[in-house]
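Colleague: just need the structure, nothing else, for what follows:
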Amino acid sequence: MRRLVYLADTLTDTVGGVAASLVIPLFLIMGYEVFARFLLDLPTFWAYELAYMITGAHFVLGIAYVTKMRQHIRVDFLYTNFPVRVQAAIDGIIYFFFLLPVSAWISWRLGTVAYEAFLIGEVSGESAWNPLVWPLRTVVAFGYALFTLQTLAEAVKSYRTVVGADEV
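Modeller: Just a heads-up that it's a prediction; the model follows:
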């Protein structure tokens, strides 16, 4: 289980770095679009689609990292007053019995949707550019699958804290 946690954490850190760096091309694309549209009166037909694709990838590739860093919003007016092992037990129950099954099912469905988009050559239909959407759908499926893996790793970490395995 330690290897699983190490693998998930390492992969999450790497992908989280990639996700964070996506704001740079997004900034450049949107900056160019504003410049071209308002100063040159030459709007692009591709900036909107590329921007929503990069933004979607940014969010979905970052969700596992945010989970690992425990930065999701939570209501914790009671939670923070509990001992660490009780907090870990609460987290473990939520991760293992609620979040893990749902995220695994969603990951499976997203993978199926990405595969079907690839098979039929689905295009966006949003602009004259009309790009294929299976690459974005694949990134979304991968990001959510990584979130599922990180959720499992967090459940294992919670279990180890509850049983005191991290103290040894």
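Colleague: what helix or strand is Leu61 on?
Modeller: In this assignment (DSSP states H and E), Leu61 forms part of helix 47-68.
Colleague: what does that helix contact?
Modeller: Applying CB atoms under 8 Å, 6 or more residues apart in numbering, the external contacts of helix 47-68 come out as 8-9, 12-13, 15-16, 18-20, 22-23, 25-26, 29-30, 32-33, 72, 124, 126-127, 129, 131, 136, 139-140, 142-144, 146-147, 149-151, 153-154. To be clear about C-beta, it is placed using only N, CA and C from the backbone, and glycine gets the same treatment.
Colleague: just the buried members of those?
Modeller: 8-9, 12, 15-16, 19, 22, 26, 29-30, 33, 131, 136, 139-140, 142-144, 146-147, 149-151, 153-154 (16 or more other CB atoms under 10 Å).
Colleague: low pLDDT regions in this protein?
Modeller: Within the chain, the stretches with pLDDT under 70 are 166-168.
Colleague: run the last query once more with 80
Modeller: Within the chain, the segments meeting pLDDT under 80 span 74-75, 165-168.
Colleague: longest helix of it?
Modeller: Assignment by DSSP state H gives helix 134-163 as the longest helix of the chain.
Colleague: run the angle between that helix and helix 47-68 for me.
Modeller: For helix 134-163 against helix 47-68, the angle by axes from the mean of the first three to the mean of the last three CA atoms, to 10 degrees is 10 degrees.
Colleague: quick one: list the elements packing against helix 134-163.
Modeller: Applying 3 or more CB pairs under 8 Å, 6 or more residues apart in numbering; DSSP states H and E, we find helix 134-163 packed against helix 2-21, helix 47-68, helix 84-93, helix 100-120.
Colleague: list the buried residues for the longest one?
Modeller: Within helix 47-68, the residues that qualify as buried are 47-50, 53-54, 56-58, 60-68, counting by 16+ other CB under 10 Å.
Colleague: report the angle between that helix and helix 100-120.
Modeller: Angle between the axes of helix 47-68 and helix 100-120 is 150 degrees (criterion: the same axes, to 10 degrees).
Colleague: cool, and the shortest one?
Modeller: Orientation note: helix 84-93 sits at an angle of 40 degrees relative to helix 100-120 (the same axes, to 10 degrees).
Colleague: can you list contacts of helix 84-93?
Modeller: In contact with helix 84-93 (CB under 8 Å, 6+ apart) are residues Tyr79, Thr80, Phe82, Glu154, Ala155, Lys157, Ser158, Tyr159, Thr161, Val162, Gly164.
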